[in-house]
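> Whatever this is, show me its structure:
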Amino acid sequence: MLSHRSAAIARNFGAKAASYDDHADLQRTVAARLARLLPPLRSPRVLELGCGTGVFSRHLAERYPDGELILTDLAPAMVEQCRRNLGSVANARLGFEVMDAARPSVRGPYDLIATSMTLHWLADPEAVLARLGRLLAPGGALIYASIGPDSFAEWHAVLKARGLPRGLPELPSLPGIVDEDRLAVDAGTLAFLRRIKSIGGLTPRAGYTPLSPGALRGAIRATDAQHDGRVTWHIVYGCVEASQSSPSMRPA
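I've put the predicted structure just below:
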């Protein structure tokens, strides 16, 4: 059974499934960068968590045309959109499942586990990474891209100075980080907030009280004035390798 927060995240992202790709330029940029970490494998067994509409799934399908790919997401509408988007991909070994990344209901071993822009929505991403690591074949790897702990520093600084609460959960430092980006992709603070809303990503942490319209407008104006409307995304890219006790990757 899904937690209240997980159910809310599934609803919010599912409601945006049809229009998600219209606002996913950041996700496409991140997916292309994460794809550089894909290892050379022959006929691997691959699990993707948080496939969404298939932004990163397409990289997996194109890189591993002979692989067995299981693409999963918490939101059923996202899974269906991913299935439609990948309909033209020449890979008969694509599987689609509705699954909570925090409680994976699949059995390993997998040669590769991948997740792009999903870990930061989970209550305990470090524990999830440890759990997923036990699904890897020996020599296997888990790669990820996630919002990093320094994200949205400008917006958070304004909220703190005004004594206003932050809605997004604290983001921990994750293991295995091998690269990072700092991206400002929106023309102003309001555009930044609209981007997050447009992709279904406004699920606040437990106990958060939304800002009043006046407080929100004031914080937007202050961020525009003090930071020229720049709100920075801190993106981290990681690779966690299987422990020696895990079962064997089939390298190319």
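
> does Val89 count as helix, strand or coil?
Of the three states, Val89 takes coil according to DSSP: H, G, I helix; E, B strand; the rest coil.

> which residue packs closest to it, ignoring adjacent ones?
Ala61 (4.5 Å; Cβ to Cβ, 6 or more residues apart in numbering). No exception for glycine: its C-beta is placed from N, CA and C like everyone else's.

> Can you classify the one you found by secondary structure?
Per three-state DSSP, Ala61 ends up helix.

> Let me know the pLDDT of it.
Looking at Ala61, its pLDDT is 94.

> repeat for the one 5 residues further on
Among the per-residue scores, Asp66 shows a pLDDT of 91.

> Give me the distance between it and Trp155.
Here the distance between Asp66 and Trp155 works out to 44 Å (Cβ to Cβ, to the nearest Å).

> and if you look at Leu136?
Counting by Cβ to Cβ, the gap from Leu136 to Trp155 is 36 Å.

> and if you look at Ala31?
Taken as Cβ to Cβ, the span from Ala31 to Trp155 is 24 Å.

> hang on, the earlier thing: so for Asp66 and Trp155, which residue has more residues nearby?
It is Trp155, of Asp66 and Trp155, that has more neighbours when counted by other Cβ atoms under 10 Å, with 22 against 11.

> does the nearest residue to that one once chain neighbours are set aside belong to a helix or a strand, and which?
Sequence neighbours aside, Val231 is the residue nearest to Trp155 in space, at 5.1 Å (criterion: Cβ to Cβ, 6+ apart). According to DSSP states H and E, Val231 maps onto no helix or strand at all.

> thought Val231 was touching Asp186?
Yes: if you go by Cβ atoms under 8 Å, Val231 and Asp186 touch, sitting 6.5 Å apart.

> who touches both of those two?
Contact criterion Cβ atoms under 8 Å, 6 or more residues apart in numbering; residues shared by Val231 and Asp186: Phe192.

> Show the contacting residues for Tyr144.
Contacts of Tyr144 (Cβ under 8 Å, 6+ apart): Leu34, Ala114, Thr115, Ser116, Thr118, Leu119, Leu129, Leu174, Tyr237, Gly238, Cys239, Val240.

> how much space is there between it and Tyr237?
With Cβ to Cβ as the criterion, Tyr144 and Tyr237 are 7 Å apart.

> Leu49 now?
15 Å.

> which of the two has more neighbours?
For Leu49 versus Tyr237, neighbours defined as other Cβ under 10 Å are more numerous around Leu49 (26 against 22).

> That one bridge partners, please.
Taking DSSP bridges as the rule, Leu49 bridges to Thr72, Thr115.

> Check the gap between it and Val128 for me.
8 Å.

> Equivalent analysis for Gly95, please.
Noted for Gly95: a distance of 21 Å to Val128, by Cβ to Cβ.

> out of those two, which sits in the busier spot?
Shown here are Gly95 and Val128; by other Cβ under 10 Å, Val128 has more neighbours (21 against 13).
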